[in-house]
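Asker: Mind folding the following:
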Amino acid sequence: MGQRTVNISVMVSGGGSNLQALIDGAADGRLAGARIALVLSSRDGVRALERARLAGIPTAVVSKADHPDETEKAGAILAALAGKKTDLVVMAGYMSILDKRVCAAYAGRMINIHPALLPKYGGVGYYGLRVHQAVLEAGEPETGATVHYVDGKSVDSGEIILQGRVPVADGDTPESLQARVLEAEHRIIVEATAAVVRKLLSR
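Answerer: Reported below is the predicted structural model:
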């Protein structure tokens with residue numbers, strides 16, 4: 001890719017605190033050589049879209065309600081990504097399972113963050129507070145967050161790029177654990193994205 005800028009598209013579904021971490025990382029130079037070209041949401045009206053607008057980043061919404069047919073939905077996502085000349089896709093709290101065609105189109109250029117130390121507590125059904133509830137019920141001494149490549153084979157599968165570890169404290173609730181894991185997510189999503197950007201620029 002030489003020395004041109006890596007165009008990042010961030011896929012979101014909710015509040016967008018990880019998106020904000022990326023926006024801040026782009027602003028302060030931690031994502032050197034990259035820019036956030038698009039924020040694509042699976043739902044309209046979410047806080048993440050407002051964060052993008054405040055930062056002057058173009059947005060798009062591709063929802064199941066508007067695209068009930070999976071083939072059509074995948075086509076709309078691919079068109080939105082291609083429209084911004086996307087080099088790297090970062091899934092930052094994207095709560096919809098992507099069609100394999102989207103994963104294939106960005107093989108080696110799509111990453112996801114998950115609120116656990118994969119391969120533990122990953123896969124179908126492990127999302128949001130359910131992950132942290134499972135960690136507490138199992139009596140785990142630590143948990144954390146993982147950034148990994150998306151390979152399209154199964155949910156939360158793919159080569160691990162970076163993990164951040166978080167100790168489980170006495171008296172933790174799913175909510176308190178989630179808050180501390182989120183802090184780790186904000187750190188590693190920027191570090192991992194920066195690492196992948198450097199890798200793409202070196203090609």
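
Asker: can you pull out the strands in the chain?
Answerer: 6-12, 34-41, 59-61, 88-91, 110-114, 142-149, 160-167 (DSSP state E).

Asker: Let me know the distance separating Leu81 from Gly139.
Answerer: Between Leu81 and Gly139 the distance is 41 Å, computed by C-beta to C-beta, to the nearest Å. In this view, the C-beta of every residue, glycine as well, is placed from N, C-alpha and C.

Asker: and what of Gly16?
Answerer: On the measure of C-beta to C-beta, Gly16 and Gly139 end up 32 Å apart.

Asker: Then Ala65?
Answerer: Taken as C-beta to C-beta, the span from Ala65 to Gly139 is 40 Å.

Asker: again with Met91
Answerer: 30 Å.

Asker: In terms of neighbours, single out the busier of these two.
Answerer: Neighbour totals were compared for Met91 and Gly139, and Met91 leads with 24 against 7 (other C-beta atoms under 10 Å).

Asker: I figured the more buried one hits Arg109, correct?
Answerer: No: the pair Met91 / Arg109 is not scored as a contact, 11.9 Å apart, by C-beta atoms under 8 Å.

Asker: which ones are touching Ser157?
Answerer: Shown in contact with Ser157 (C-beta atoms under 8 Å, 6 or more residues apart in numbering): 122, 148, 151.

Asker: Isn't the first one up against Asp156?
Answerer: This points to Gly122. Yes: counting by C-beta under 8 Å, Asp156 is a contact partner of Gly122 at 3.4 Å.

Asker: what do these two both touch?
Answerer: His114.

Asker: For beta bridges, what are the partners of the nearest residue to Ala26 once chain neighbours are set aside?
Answerer: Ranked by C-beta to C-beta, 6 or more residues apart in numbering and with sequence neighbours excluded, the top spatial neighbour of Ala26 is Ile36, at 5.6 Å. Beta bridges link Ile36 to Ile8 when assigned by DSSP bridges.

Asker: all helices for the chain, in order.
Answerer: In the chain, the segments counted as helices under DSSP state H are 17-27, 47-54, 70-83, 100-105, 129-137, 174-201.

Asker: distance of Glu175 from Ala21?
Answerer: From Glu175 to Ala21 the distance is 20 Å (C-beta to C-beta).

Asker: the more surrounded of the two?
Answerer: Under the criterion of other C-beta under 10 Å, the comparison of Glu175 against Ala21 puts Ala21 first, with 22 against 10.

Asker: Look at the more buried one and report its pLDDT.
Answerer: Listed pLDDT for Ala21 reads 98.

Asker: from memory it sits against Ile188, does it?
Answerer: No: with contact defined as C-beta under 8 Å, Ala21 does not count as touching Ile188 (9.3 Å).

Asker: Excluding covalently adjacent residues, which one is nearest to Gln20?
Answerer: Arg51 (5.4 Å).

Asker: residues touching that neighbour, list them.
Answerer: 16, 19-20, 23, 39.

Asker: cool, Ile161 as well?
Answerer: 111, 147-149, 192, 195-196.

Asker: how close does it sit to Ile113?
Answerer: To Ile113, Ile161 is 10 Å away according to C-beta to C-beta.

Asker: Show me the shaky parts of the protein.
Answerer: 1-3 (pLDDT under 70).
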